[in-house]
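Undergrad: Give me a 3D structure for the following:
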Amino acid sequence: MDQIEENNSNKQLSNREEDVDISQLFLIIGKGITQLVNAVFQVINTVFNWILTFLLFIRLNLKKMLLAAIIGGSLGAIYQYGLKDPQYESSMTVEPNYGSSVQLYKNIEYYLNLIKQDDFERLASSLGITEQEAETISWIEAEPYSNENEVILAYKNFISELDSNSVRLINFKTFSKEQPIESFKYHIVTVTAKDKFIFQKLEKSIINSVINNDYYRNLKSTSYANLLRKKVALENSMNELDSLRNLYKQVLLAESSKESSGTNIFMSETGNSSKEVDVFDKYMVMNEELIEVNVKLTSEKEVVNIMSGFDVVGMKVNYWYRNFAVIGLIGGFSLMFLLIGFRKLDKELMTYKESM
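TA: Modelled structure (predicted):
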């Protein structure tokens, strides 16, 4: 009896200990949640105080900053509309073949470096213009024409030349971010100059600088000759297939005209029809290949195709982010903001130093 009572007391004691442990666990979890909520509210409160401090700083110094913005905008407007020569811009869209986009970008970079170095003598010689005309050019650049469909087609063409193991290493997302220049089909060459009539004078020289490369010239010659041979071979094969189709038709007509049993006629017609269908399928496959070859013969006739050339008269550059009135307005406001901010920071630092 005493043993039973002792066992019951031990069980009750164990239950109390478990209850205490669970209650302590919930107490710890509750404290943790409370601390987390307090920390979040503290961060929100700190950010809110910073925003209010910033807005108060702007409000107290708004007149000074607006005055600086008006002065900066006015000076910029005087330069933009009174002193600065007007700038004109025109673009040319090209389709480089045989990987010649690499040479195109290299040449454009060379021209731009000459402009930055004010080496207008070499620039004039390279572009086939006078030195005075070269001095009017202020910028030249090339960039690929890109949209989502173009990227998808470029990726499709890119992976078609890779094996299955390499394709796994380069997915579409990675390719779209690090797409090589030569994978784009079209490229846009943009020139900015003070002379609005100079652009068409540059077109031939820019294209010839790529076409005159011996490597691309030889590559084009070989590839074009191979396309012509393939076209001739396809046309000859299609003529032979066409003759074979006509032969099968004649045989079928001859057999159907014979007076024979219905079963024999059926079997003969079935066999000849099957052969004729096979020949027709091969003919259509070759016809698709011939269409593709003809398209390539047109598009790859030149090393660089000009899709749209430079305009006869350039368009006046009027982008707001290039307008010195806007730049002066933003610059004056920002400069005054920084000056007042640094002055306030210096004052706070000196106050802190004195309190130490």
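Undergrad: Please make it C-alpha for all contacts and neighbour counts, starting now.
TA: Noted.
Undergrad: same for whichever helix in the chain runs longest, what does it pack against?
TA: Scanning the chain for the helix with the most residues, using DSSP state H, yields helix 2-78. Contact analysis of helix 2-78 by 3 or more C-alpha pairs under 8 Å, 6 or more residues apart in numbering; DSSP states H and E lists helix 324-355 as its packing neighbours.
Undergrad: what ranges do the strands span in the stretch 151-300 of the chain?
TA: 187-193 (DSSP state E, counting those that start in this stretch).
Undergrad: pLDDT weak spots in this protein?
TA: The model of the chain has pLDDT under 70 over residues 1-23, 161, 163-167, 169, 255-256, 258-273, 356.
Undergrad: again, 50 this time
TA: Scanning the chain for pLDDT under 50 picks out 259, 261-269.
Undergrad: Show me the residue at the heart of it, geometrically.
TA: S146 (5.1 Å; C-alpha atoms, centre = their mean).
Undergrad: how about that one, what does it touch?
TA: Listed by C-alpha atoms under 8 Å, 6 or more residues apart in numbering, the contact set of S146 reads F184.
Undergrad: would it count as being in a strand?
TA: No. The assignment for S146, made by DSSP: H, G, I helix; E, B strand; the rest coil, is coil rather than a strand.
Undergrad: quick check: angle from the longest helix of the chain to helix 324-355?
TA: When axes from the mean of the first three to the mean of the last three C-alpha atoms, to 10 degrees is applied, the directions of helix 2-78 and helix 324-355 differ by 130 degrees.
Undergrad: Just the buried residues of stretch 216-225, please?
TA: Residues of stretch 216-225 classed as buried: 216-217, 220, 223-224 (neighbour count, 16 or more other C-alpha atoms under 10 Å).
Undergrad: quick one: which of the residues you listed is nearest L297?
TA: Comparing the buried residues of stretch 216-225 against L297 with C-alpha to C-alpha places Y224 closest, at 6.9 Å.
Undergrad: how far away is that closest one from N294?
TA: Applying C-alpha to C-alpha, to the nearest Å, the value for Y224 to N294 is 11 Å.
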